[in-house]
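# Output the structure for:
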Amino acid sequence: MIKTFHYILSFVFAICICTSMSAQTSINSQADWDALPEPVVVSGPVSIESGVSIVHNGNKTFNTMLIILGDLEIATGSFTHNAELLVNLEGSLTVNSELTVNGFPATLNDMGTFTNNGISTFNFAAGLTVNSTGDITNNGTLTTMLLTVNSGGTVTNSSTGTLTSTGPITLNNMSALVNDFTLNAQSGVFAGDGSYTNNGTTNAPNGLNIDGVSVINNLQFNVMGDGGGIITATGSLLNTATISWTAAGALNNLGTLTNTGNMTFDPGPLVGDGALLNCGTITSAPTFNVTGSAPVGTPCDPGLAVECFCDSGFIADPPEAIPTMSEWGLILLTLLSLSFLLISMLAKQPSLAGSGGTFSMKNMHQASVYPFEKSIFEKALAFVLVLAIIAGVASYAMYGVITITDFVGTCICGPILAYLLHLLVLANQD
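Sure, this is the predicted structure:
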């Protein structure tokens, strides 16, 4: 009986201990927050309730889970967190001084937001995670061991922010990361199916690995170290500005690299199993090589300075062919044939025959037998000149170039066309 009673007491005591451990401390006012001990070690998590705004000043160390459902501003001093940190629902965390999270994950759920205007460091393997439609805005210095953005979340590194991730940056479920100043991707890995847009400077000191992400560079992208570059089959890199590859090793695999800006490879070559779509300038080592398929008009002839046709930043079909020498030859032959036929017809009219006699096959080598009226020819030549100028302007507007072949062809065929028009005028005179 006594033994049974002892077991019952032990069971009740265990339940009380568990209940005590799971108890939650609710923060419903600034006074509740200020009353927390230093360091904060309480039973169960501390929760800043929804609708409650807390401003923290001074130094504080948290050794207990913190759940932010309302608003927490770390205004001055340092805030060290040695437990799990959660920003849930529509909660917000703003750092204007210094935040350090050690040994535990930090997570934004639901529509939680995190704004860093100071110095924030996340020293845990899982780093910083954004779930659902939560978002991060960094205006200061933010360092994390890992950055994971899920379910449409967003991260914005503003024009005053420096964002450093020592591990992979994972962008899942069409989530987005935008850098407007400096982003240091220490591992060089961008994974997932989201997008990364660089409008500032991105440094990848250990090579670049784009695994499924759509990466767009609009300013400066520096790839360094021995990691080389890899773009997987579902990944892509679009460069509209400047990429400097000082990483040893090849850029390969089955992804797509599109260049409309300037890319420099030193010392590593570019070897592709995927597609290189180039509309800009590529400078590389002599071993530069491109393999794989590409749309019509690309890739261009590999070389030290490569240019190809573009239409608003997209790969375009090559321009329609402008008449070559053989086509100008056909035009010249047609004009000569028509002129010869018309001269033969006019030769039957004595009044229109040349002043030196009637035109025939026997005397066709004599210039004097050809019908010619100087005033009419000059007017016809002026008309043809105007047509040539209009055609040249239209050709340049459409194709952006006028070739030497077209210029020479026009100079040869223009006077013959003017003479043909001059003959037509003579034929229709009374």
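
# Might you list the low-confidence residue ranges for the stretch 251-400 of the chain?
Within the stretch 251-400 of the chain, the segments meeting pLDDT under 70 span 252, 267-281, 284-326, 346-369, 399-400.

# ok, residue 188 - how many residues close by?
Residue 188 has 24 neighbours, counted by other CB atoms under 10 Å. Yep, even glycine has a C-beta here, placed from its N, CA and C like the rest.

# Report the contact partners of it.
Applying CB atoms under 8 Å, 6 or more residues apart in numbering to residue 188 gives the contacts 204, 205, 206, 207, 208, 209, 223, 225, 227.

# Mind putting those residues into JSON lines with distance to residue 163?
Listed next are the contacts of residue 188 as JSON lines, based on distance: CB to CB, whole Å:
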{"residue": "204", "distance to residue 163": "13"}
{"residue": "205", "distance to residue 163": "14"}
{"residue": "206", "distance to residue 163": "16"}
{"residue": "207", "distance to residue 163": "19"}
{"residue": "208", "distance to residue 163": "17"}
{"residue": "209", "distance to residue 163": "18"}
{"residue": "223", "distance to residue 163": "17"}
{"residue": "225", "distance to residue 163": "19"}
{"residue": "227", "distance to residue 163": "20"}
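
# Which of these fall within helices?
Members of the contacts of residue 188 lying in helices (criterion: DSSP state H): none.

# Could you save the residues you listed as JSON lines and add columns showing neighbour count and distance to residue 261?
Below are these laid out as JSON lines (neighbours: other CB atoms under 10 Å; distance: CB to CB, whole Å):
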{"residue": "204", "neighbour count": "24", "distance to residue 261": "17"}
{"residue": "205", "neighbour count": "16", "distance to residue 261": "21"}
{"residue": "206", "neighbour count": "18", "distance to residue 261": "23"}
{"residue": "207", "neighbour count": "23", "distance to residue 261": "20"}
{"residue": "208", "neighbour count": "27", "distance to residue 261": "16"}
{"residue": "209", "neighbour count": "22", "distance to residue 261": "21"}
{"residue": "223", "neighbour count": "26", "distance to residue 261": "14"}
{"residue": "225", "neighbour count": "16", "distance to residue 261": "22"}
{"residue": "227", "neighbour count": "19", "distance to residue 261": "22"}
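
# now for these, which pair is the farthest apart?
205 and 209 (12.9 Å; CB to CB).

# So which of the contacts of residue 188 are in strands?
204, 208, 209, 223 (DSSP state E).

# Let me know the distance separating the nearest residue to the first one once chain neighbours are set aside from residue 197.
So that's residue 204. Nearest residue to residue 204 in three dimensions, chain neighbours excluded: residue 188, at 3.9 Å (CB to CB, 6 or more residues apart in numbering). Separation of residue 188 from residue 197 (CB to CB, to the nearest Å) stands at 17 Å.

# How about residue 242?
Residue 242 is 15 Å from residue 197, by CB to CB.

# Next: residue 102.
Taking CB to CB, one finds residue 102 at 31 Å from residue 197.

# if we can go back for a sec, can I get the contacts of residue 188 in CSV with pLDDT and distance to residue 145?
Listed next are the contacts of residue 188 as CSV, based on pLDDT from 0 to 100; distance: CB to CB, whole Å:
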residue, pLDDT, distance to residue 145
204, 95, 17
205, 94, 16
206, 91, 15
207, 89, 19
208, 91, 19
209, 92, 17
223, 91, 21
225, 82, 19
227, 72, 18
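
# hang on, the earlier thing: and the residue nearest to residue 204, its phi and psi?
Backbone torsions for residue 188, taken as degrees, to the nearest 10, come to phi 80, psi 10.

# Give me the pLDDT value at it.
Note for residue 188: predicted pLDDT of 94.

# Also the one 10 residues further on?
pLDDT, the model's per-residue confidence, is 98 for residue 198.

# Any idea what it is bridged to?
With DSSP bridges as the criterion, residue 198 is bridged to residue 179, residue 217.

# That one contacts residue 213, doesn't it?
No. Look at residue 198 against residue 213 with CB atoms under 8 Å: they stay out of range, at 11.8 Å.

# residues near residue 137, how many?
17.

# Let me see the mean pLDDT of whichever strand or helix holds it.
Applying DSSP states H and E as the criterion places residue 137 in strand 135-138. What strand 135-138 shows for mean pLDDT is 96.

# Show me what it is packed up against.
On a contact count with 3 or more CB pairs under 8 Å, 6 or more residues apart in numbering; DSSP states H and E, strand 135-138 meets strand 113-116, strand 154-157.

# could you give me the average pLDDT of the last one?
In this model, strand 154-157 carries a mean pLDDT of 97.

# how about the CA coordinates for that strand, as PDB?
C-alpha atoms of strand 154-157 as PDB (Å, rounded to 0.1, in the frame of the first residue of the first chain):
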ATOM      1  CA  THR A 154      10.900  37.800 -49.400                       C
ATOM      2  CA  VAL A 155      14.300  39.200 -48.300                       C
ATOM      3  CA  THR A 156      15.400  42.700 -49.200                       C
ATOM      4  CA  ASN A 157      18.900  43.800 -48.600                       C
END
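
# Can you name the next helix or strand after that strand?
Following strand 154-157 in sequence, per DSSP H and E, is strand 162-165.

# Beyond that following strand, next helix or strand please.
Assigned by DSSP H and E, the successor of strand 162-165 is strand 169-171.
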